[in-house]
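# I would like to see how this sequence folds:
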Amino acid sequence: MKRYIWGLICAVLLLTGCTKGEAEEGLMPSDDFLIIAHRGASAYVPENTLASYGLAEELDADYIELDIHLTKDGQLAVMHDADISGTTEANGEIGALTLAELKELSANFRREDEKKKAVDGPSEEFAVPTLSEVFGQFGNNMNFIVELKDPKDYPGIEEKLVDALKEYDMIGFDEDSHPKVAIQSFSKKGLKRVHELNADIPLLQLISFDEDEEAKLSKKELDELLTYASGMGVSYEALTAPFIKKMHEKGLAVYAYTIIDAETALQLKAIGANGIHTDRPDILDK
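A predicted model of the protein is given here:
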């Protein structure tokens with residue numbers, strides 16, 4: 001499946017030296033639509049586990065999305081919530097636990113879905129993974145969107161993330177000119193810090209809007225966004241065709257989160273979204 005939206009955006013920016021605000025003809029091909037596996041194939045397998053990422057790969061996802069936190073001993077652990085009780089059999093905060101303590105646990109389906117309970121106790125396939133383990137197992141075959149979770153709570157996490165990307169040669173493009181990694185976050189400060197550390201890493205600003213509110217950005221907000229971001233992730237309910245068109249004119253990609261049904265996915269594709277975050281990488285039966 002074609003996966004060149006970010007490749008085109010970032011390659012042109014890097015090669016021509018133009019600013020992100022200078023729209024280029026043909027940067028946003030209308031026939032390209034990325035499927036981003038939200039926490040892996042998390043509709044079918046416990047989220048943010050090696051098993052979930054493996055299934056996402058089998059289902060031909062374009063990107064694997066995952067979330068990172070910093071453990072007490074400074075390790076980049078992959079889990080959505082800071083509170084481990086949501087997806088494991090234990091209680092506590094990731095930042096108060098060592099990696100060894102986390103490795104005694106296995107990630108399950110979320111508590112509210114007891115019928116899908118996975119396993120208790122250590123299990124390699126369902127263990128809480130580190131970012132290094134994910135890159136080591138899937139880095140040669142898959143590309144990633146890494147979400148910085150609450151970077152204000154983890155001093156130095158941006159530096160550790162950039163160091164990990166360098167160590168596993170994840171900064172840059174694959175053989176098909178796709179960015180190997182993009183970083184996303186709701187935190188402007190966190191993304192700007194990553195940009196300071198390495199301007200070659202594509203960044204996506206996550207944005208949410210109130211219920212029934214249409215997506216919009218003020219000129220000041222948009223000008224600020226253009227200083228560091230290559231695109232954005234937006235709550236799908238807020239997206240409109242005019243908003244997406246305006247962002248494209250500025251050279252920004254627009255991705256919608258989080259989609260669970262094919263009808264909504266097709267509607268977003270029709271209004272010009274560049275792709276979707278979904279728990280079901282097979283949502284369109286590619």
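# which residues does the most centrally placed residue in the chain bridge with?
Among the residues of the chain, residue 145 comes closest to the average C-alpha position under Cα atoms, centre = their mean, at 3.3 Å. Bridge pairing for residue 145 (DSSP bridges) gives the partners residue 65, residue 182.
# was I right to think it contacts residue 180?
No. Look at residue 145 against residue 180 with Cβ atoms under 8 Å: they stay out of range, at 10.6 Å. Using the backbone N, CA and C atoms, a C-beta is placed for each residue, glycine as well.
# and for the closest residue to residue 72 other than its chain neighbours, the neighbour number?
Nearest in space to residue 72, with sequence neighbours left out and distances taken as Cβ to Cβ, 6 or more residues apart in numbering, is residue 98 at 5.1 Å. Residue neighbour count, defined by other Cβ atoms under 10 Å, stands at 13 for residue 98.
# what do you get for residue 142?
Considering only other Cβ under 10 Å, residue 142 is surrounded by 20 other residues.
# same check, this time on residue 82
By the criterion of other Cβ under 10 Å, residue 82 has 18 neighbours.
# which phi and psi does it have?
Backbone torsions of residue 82, given as degrees, to the nearest 10, read phi -70, psi -30.
# confidence score at it?
For residue 82, the model assigns a pLDDT of 96.
# that one contacts residue 154, doesn't it?
No. With contact defined as Cβ under 8 Å, residue 82 does not count as touching residue 154 (9.2 Å).
# which neighbours do those two have in common?
Common contacts of residue 82 and residue 154 (Cβ atoms under 8 Å, 6 or more residues apart in numbering): 69, 95.
# ok but residue 73 is inside a helix, no?
No. Assignment of residue 73 by DSSP: H, G, I helix; E, B strand; the rest coil gives coil, placing it outside any helix.
# wait, it touches residue 96, no?
No. Look at residue 73 against residue 96 with Cβ under 8 Å: they stay out of range, at 10.9 Å.
# now the stretch 1-150 of the chain, which segments are flagged as low pLDDT?
1-32, 111-123 (pLDDT under 70).
# quick one, strands of this structure?
34-38, 63-70, 76-78, 143-148, 181-185, 203-207, 231-235, 253-259, 275-278 (DSSP state E).
# of all those, which one is nearest residue 163?
Proximity to residue 163 (Cβ to Cβ) singles out strand 76-78 among the strands of the chain, at 9.5 Å.
# what helices and strands are in contact with that closest one?
strand 63-70, helix 131-138, helix 157-167 (3 or more Cβ pairs under 8 Å, 6 or more residues apart in numbering; DSSP states H and E).
# closest one to residue 262 among those?
strand 63-70 (18.8 Å).
# residues in contact with that closest one: which ones?
Against strand 63-70 from outside (Cβ under 8 Å, 6+ apart): 3, 34-40, 48, 53, 56-57, 76-80, 82, 94-95, 131, 134, 138, 142-150, 154, 156-157, 160-161, 182, 184, 277.
# which of these count as buried?
3, 34-40, 48, 53, 56-57, 76-80, 82, 94, 131, 134, 138, 142-150, 154, 157, 160-161, 182, 184, 277 (16 or more other Cβ atoms under 10 Å).
# which stretches in the chain count as helices?
Shown for the chain, the helices assigned by DSSP state H span residues 5-16, 50-58, 99-102, 131-138, 157-167, 188-197, 219-225, 241-249, 262-270.
# returning to what we had before: which one of the strands of the chain lies closest to residue 242?
The nearest among those, by Cβ to Cβ, is strand 253-259 at 11.7 Å.
# distance from the closest one to the middle of the chain?
10 Å (Cα atoms, centre = their mean, to the nearest Å).
# cool, stretch 87-103 as well?
The answer for stretch 87-103 is 22 Å, by Cα atoms, centre = their mean.
# pull the CA atoms of that stretch into PDB?
Taking C-alpha atoms only, stretch 87-103 is exported to PDB below (Å, rounded to 0.1, in the frame of the first residue of the first chain):
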ATOM      1  CA  THR A  87      -4.300  -2.500  31.600                       C
ATOM      2  CA  THR A  88      -2.500  -4.700  34.100                       C
ATOM      3  CA  GLU A  89      -3.300  -6.700  37.200                       C
ATOM      4  CA  ALA A  90      -1.400  -4.300  39.400                       C
ATOM      5  CA  ASN A  91      -1.700  -0.700  40.700                       C
ATOM      6  CA  GLY A  92       0.700   2.300  40.700                       C
ATOM      7  CA  GLU A  93       2.300   4.800  38.400                       C
ATOM      8  CA  ILE A  94       4.900   4.000  35.800                       C
ATOM      9  CA  GLY A  95       7.100   6.900  37.000                       C
ATOM     10  CA  ALA A  96       7.200   5.200  40.500                       C
ATOM     11  CA  LEU A  97       8.200   1.800  39.200                       C
ATOM     12  CA  THR A  98      11.400   0.300  37.900                       C
ATOM     13  CA  LEU A  99      11.500  -1.500  34.600                       C
ATOM     14  CA  ALA A 100      12.100  -4.800  36.400                       C
ATOM     15  CA  GLU A 101       8.900  -4.200  38.400                       C
ATOM     16  CA  LEU A 102       6.900  -3.500  35.200                       C
ATOM     17  CA  LYS A 103       8.300  -6.700  33.600                       C
END
